[in-house]
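Participant: Model the following, please.
(chains A, B, C and D)
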Number of protein chains: 2
Amino acid sequence: MQLEVKSKTWLEADGKFIMGEHGIALLDAIDELGSIQHAARRVGWSYRRAWGYLKTMQRHAGVPILVISHGGTAGGGTRLTPQARKLLREYKRLQKTLRATIRQKSRLLFSY
Amino acid sequence: MQLEVKSKTWLEADGKFIMGEHGIALLDAIDELGSIQHAARRVGWSYRRAWGYLKTMQRHAGVPILVISHGGTAGGGTRLTPQARKLLREYKRLQKTLRATIRQKSRLLFSY
DNA sequence: TACCGATATGTTTATACATGCATATCGAGG
DNA sequence: CCTCGATATGCATGTATAAACATATCGGTA
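Facilitator: This is a model prediction of the structure:
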């Protein structure tokens, strides 16, 4: 029997949800693709869902996350602010540390 | 603005949920009170809810968790197996470590 | 100034999951 | 063998969340 410890982490500001691991993946995709539309497809979300997620993220986070533009040949697009990029970087680093800690410390739980 | 990292941890066996932090509290209460009924009240759950939770826990966990008895002046009762006690102990130790890690490592995220 | 592709948003439908209610069962002790 | 308090479980209902649908808006560019 495979016993394992699972975990989730997310970010809150003043007790309100900002983003979780799916949000991280979405922002990563936006950073790469320059568009909410394309990023949503990439992570398997509908545009509607991604948009709603980002909306509450923006509302709850104090710092600006997205730089949105309209028009042009591409029809518009979305980029990340430098603060958002830094947040992503640090958050992923923390996740990595936590995963390692769990892997390392959960050995005792498996001795059955 | 108070930015903070939140986390949840839980136990799975072969991909199936066994217990989370509420389950830990429930088992703790059972260990102390010797009864599902009383433990449920203690943690603010209905007996129905606690029973359903424990049922799937037992079904998914390979090791025996509960020792249940019927009858007697007390009407019956429930105790934990030694393995369950050990599991609780180790799991809580892991949670403590993780909380400390998050507190320590999330400082960088707050520099805005 | 018309077009196009992306952003913006309300409304509805589906669904999973929690909660509450009612009731059956168990068995040591008196 | 009856009682009592705890365990056991079906079922109906409520609720919160997600998926689907429809439609409006924006503004650089050709």
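
Participant: For chain A, give me the ranges with low pLDDT.
Facilitator: Along chain A, segments meeting pLDDT under 70 span A:1, A:111-112.

Participant: if you go through it in chain order, where are the strands?
Facilitator: A:3-13, A:16-19, A:66-70, A:76-80 (DSSP state E).

Participant: can you tell me which of those comes nearest to chain B?
Facilitator: strand A:3-13 (4.4 Å; Cβ to the nearest Cβ). In short, each C-beta sits where N, CA and C put it, glycine included.

Participant: Just name whatever secondary elements that closest one is in contact with.
Facilitator: The criterion is 3 or more Cβ pairs under 8 Å, 6 or more residues apart in numbering or on different chains; DSSP states H and E, and the helices and strands that strand A:3-13 contacts are strand A:16-19, helix A:21-33, helix A:82-105, strand B:3-13, helix B:82-105.

Participant: follow-up on the earlier one: now the strands of chain A in CSV, please, with extra columns for distance to residue B:3.
Facilitator: Listed next are the strands of chain A as CSV, based on distance: least, Cβ to Cβ, whole Å:
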stretch, distance to residue B:3
strand A:3-13, 5
strand A:16-19, 8
strand A:66-70, 17
strand A:76-80, 17
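
Participant: Which positions in chain A make contact with DNA strand D?
Facilitator: Contacts of chain A with DNA strand D, taken as Cβ under 7 Å from any atom of the strand, map to A:45, A:46, A:48, A:49, A:70, A:71, A:72, A:73, A:75, A:76.
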